[in-house]
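In: how does the following fold in three dimensions:
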Amino acid sequence: MMIFLSILFFALNLYMIFKGPLFSETGKKLKLLEISEVEGKRADSEYKSKVVDGFMKDGCLPLIMALLLTIVEVIYLVVAIGFDPIKIPTLLAILFFIFTWIQASLKKKVKDMTDSEIVIEKAKLQSRKSVTYSSVLKAIMWTTYFGYMTYILVF
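Out: Numbers count the residues shown, from 1 in each chain. Model (predicted):
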């Protein structure tokens, strides 16, 4: 099972080097929905119903898939400590994983933004490409780690 997951995560991260993060479009859509919800709080309940319908249509299933993939990756990293003879690469991968989650949670929430910040954030989301320097570096790091684990598990 570890070999299969290593190859799967290796392939996913190799794909992300060239195409960007798997759920980047879903993240953009959800952020735009959140912005439109904040902008439309003064509107009636029909508008709120449209926001909920938009979330169910655009973000619910991909969000569940991203959550499941994250849970499997966490379990994989914890179990990988037992398979890794050096232990340092796996511990560094766990630290990187935790650091990434902390960094994502520190971003400013849309409901705490001013009107001008919301306009700027909306423009960034609409113009942002999915492949960025940061996403490529992260994908290369994870591809290297999962390639290392595949090598350790197979040979």
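In: so where's this structure uncertain?
Out: Filtered on pLDDT under 70, the chain yields the residue ranges 41-59, 128.
In: all helices of it, in order?
Out: Secondary structure of the chain (DSSP state H): helices at 2-19, 24-39, 45-58, 60-83, 88-105, 115-127, 133-154.
In: next up, the contacts around the spatially closest residue to Val136 that is not a sequence neighbour.
Out: Distance criterion C-beta to C-beta, 6 or more residues apart in numbering; nearest residue to Val136, sequence neighbours excluded, is Ile17 at 5.8 Å. Heads up, the C-betas are built off the backbone N, CA and C, glycines and all. Residues in contact with Ile17 (C-beta atoms under 8 Å, 6 or more residues apart in numbering) are 136, 139-140, 143.
In: now Ile17: how far from Ile140?
Out: As judged by C-beta to C-beta, to the nearest Å, Ile17 and Ile140 stand 6 Å apart.
In: name the nearest residue to Gly20, sequence neighbours excluded.
Out: Closest residue to Gly20 apart from its sequence neighbours, by C-beta to C-beta, 6+ apart: Ser130 at 3.1 Å.
In: next, the contact list for the most centrally placed residue in the chain, please.
Out: The structure's the chain has its C-alpha centroid closest to Phe23; by C-alpha atoms, centre = their mean the separation is 6.1 Å. For Phe23, the contacting residues are 62-63, 65-66, by C-beta under 8 Å, 6+ apart.
In: try it again at 10 Å.
Out: Under the criterion of C-beta atoms under 10 Å, 6 or more residues apart in numbering, the contact partners of Phe23 comprise 29-30, 59, 62-63, 65-66, 69-70, 130.
In: what do you get for Phe83?
Out: By C-beta under 10 Å, 6+ apart, the neighbours of Phe83 are 2-3, 6, 76, 90, 149, 152-153.
In: of the contacts of Phe23, grab the buried ones for ChimeraX.
Out: Applied in ChimeraX, the following selects the buried portion of these according to 16 or more other C-beta atoms under 10 Å:
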select :29,30,59,62,66
